[in-house]
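Chemist: sequence and predicted structure below; questions after.
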Number of protein chains: 2
Amino acid sequence: MARDFSKTHRQDKLNQCIEENPFLTDEELARLFGVSIQTIRLDRLELGIPELRERMKKAAEENYGKIKSLSGPELVGELLDLELGVSGLSVMEVTGDMVFQRTNIARGHHLFAQANSLAVAVVDAPMALTGAAKVVFKRPVYLGEKITAKAVVNSVKENKYTINVTSRVKLEEVLAGTYTVFVIKKEEENGIAHSS
Amino acid sequence: MARDFSKTHRQDKLNQCIEENPFLTDEELARLFGVSIQTIRLDRLELGIPELRERMKKAAEENYGKIKSLSGPELVGELLDLELGVSGLSVMEVTGDMVFQRTNIARGHHLFAQANSLAVAVVDAPMALTGAAKVVFKRPVYLGEKITAKAVVNSVKENKYTINVTSRVKLEEVLAGTYTVFVIKKEEENGIAHSS
DNA sequence: CAACTTTTAGTATCTGGTGCTAATATCAGT
DNA sequence: ACTGATATTAGCACCAGATACTAAAAGTTG
């Protein structure tokens, strides 16, 4: 079984190869590995790797969803409850693309994003921007955990909202923050303290 | 040309329809609009809409890149300079998926993400997590602007770094923040103040 | 009615595959 | 060297989702 070595070896490489660049046809792969197309097909079969089109479809669909959840809508996470001008509630599950690969710990700005966008959402106005924020990360959050963020409006003074957001995993507090959010009147973009 | 009305009308709808859900075959579209496949094909031809597979491919490729730039690497933005334990510099261009569509103003957490990940990167350790942050958004940042973030280590006390990050567009300050970042020893995940 | 646009039908062809059968290597063990 | 097992290659029929082209039918308008 000297062949067995070369075979499993090739299949390892193939797995790697496709993971790195999923947009390769069997023909291209065959040329790459110096074997026939049929061999590649058999390998894919054994390894359970779907055909190019399925791979593309999957990639496209996945990311079509991601675009919407990561940057498309105004809100990061899923809105559960919203009482304009008073409070808001959202959940977000920590997915693989939010974490450090070494540790599976979520990067802080993802938690921040959920909390920040919720803070902006509770403001009772067509447009609002974060002016300042003060946050404390209480403990790391891991892959797969569900973060519940609760925003409560603390005070309103003219166009300036002060909002507290607490993010928890189950009942444990993981992030606490205070956000100062400004309501923006149409076409306004002057002055100090803006953006979100 | 009463037909012309119905034709252009259908083509408008078709454009919309495909934009909303790019994963429809000509056959499904034909059924949806109650016309023949050939009509759909002619419409696509006239409108310059590529076939399903091309649309999928495009979506897959686009987002394959996006995944890497939005959440893949440890750093948000592009690293220009890095002196471990001392300072770091990164740039990021504000792209369409970072802004509020109504105003083309970047959402705050994207600026935060650039600054935060830079702060974590300058720490001279294999693993570090943001413990706390205090940020002030000085002015809104618009689609297409290039943000330069500069991080400077302010103080180090055991495993606790205090880092100032200033983000500018050209010479104008848009975001100023102070980050407290903790160095994590392997497998450590206890105690207070963590995550990033 | 004639001229025109729009719609439908049908065929040949392409790509990147699946699924199946069968013919060759290639090698190990006896 | 022969046998048996595994690995590789070849070939064919078929499929989806198209393109490209030709041609016929339907509807519209002066």
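Modeler: Looks like it came in fine.

Chemist: just list the residues touching residue A:27, thanks.
Modeler: residue A:37 (Cβ atoms under 8 Å, 6 or more residues apart in numbering or on different chains). For glycine as for every other residue, the C-beta is placed from the backbone atoms N, C-alpha and C.

Chemist: now swap in residue A:155 and tell me
Modeler: Residue A:155 touches A:161-162, counting by Cβ under 8 Å, 6+ apart.

Chemist: strands paired with the host helix or strand of it, and their directions?
Modeler: Here residue A:155 sits within strand A:146-157, counting by DSSP states H and E. Using DSSP bridges, the strands paired with strand A:146-157 are strand A:87-93 (antiparallel), strand A:160-169 (antiparallel).

Chemist: of these, which is nearest DNA strand C?
Modeler: Closest to DNA strand C of those is strand A:87-93 (Cβ to the nearest atom of the strand; 31.6 Å).

Chemist: and the helix or strand following that closest one with strand A:160-169, angle?
Modeler: Next along the chain after strand A:87-93, taking DSSP H and E as the criterion, comes helix A:108-122. With axes from the mean of the first three to the mean of the last three Cα atoms, to 10 degrees as the basis, helix A:108-122 and strand A:160-169 are set at 130 degrees to each other.

Chemist: for helix A:108-122, what is the average pLDDT?
Modeler: For helix A:108-122, mean pLDDT rounds to 94.

Chemist: any idea how far the strand holding residue A:155 is from the middle of the chain?
Modeler: Computed by Cα atoms, centre = their mean, to the nearest Å, the chain-centroid distance of strand A:146-157 equals 21 Å.

Chemist: buried residues, stretch A:7-22. List them.
Modeler: Counting neighbours by 16 or more other Cβ atoms under 10 Å in any protein chain shown, one finds that the buried residues in stretch A:7-22 are A:7, A:10-11, A:14, A:18, A:22.

Chemist: next: stretch A:151-160.
Modeler: Applying 16+ other Cβ under 10 Å to stretch A:151-160 flags A:151-153 as buried.

Chemist: cool, and stretch A:33-49?
Modeler: By neighbour count on 16+ other Cβ under 10 Å, the buried set for stretch A:33-49 is A:33, A:35, A:39-40, A:43-44, A:49.

Chemist: go back to the residues you listed and keep what's next to DNA strand C.
Modeler: Counting by Cβ under 7 Å from any atom of the strand, residue A:44 from those sit close to DNA strand C.

Chemist: now for the buried residues of stretch A:33-49: which two are most distant?
Modeler: A:35 and A:49 (15.2 Å; Cβ to Cβ).

Chemist: send me the strand holding residue A:155 as CSV with only the CA atoms.
Modeler: Presented in CSV, the C-alpha positions along strand A:146-157 are these (Å, rounded to 0.1, in the frame of the first residue of the first chain):
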residue,chain,number,x,y,z
LYS,A,146,-25.7,34.3,23.0
ILE,A,147,-25.3,37.9,24.1
THR,A,148,-28.4,39.8,25.3
ALA,A,149,-28.0,43.6,25.2
LYS,A,150,-30.4,45.8,27.1
ALA,A,151,-30.4,49.5,26.6
VAL,A,152,-32.1,51.9,28.9
VAL,A,153,-32.4,55.7,28.3
ASN,A,154,-31.0,57.4,31.3
SER,A,155,-31.6,61.0,30.5
VAL,A,156,-32.6,63.3,27.7
LYS,A,157,-31.5,66.9,27.4
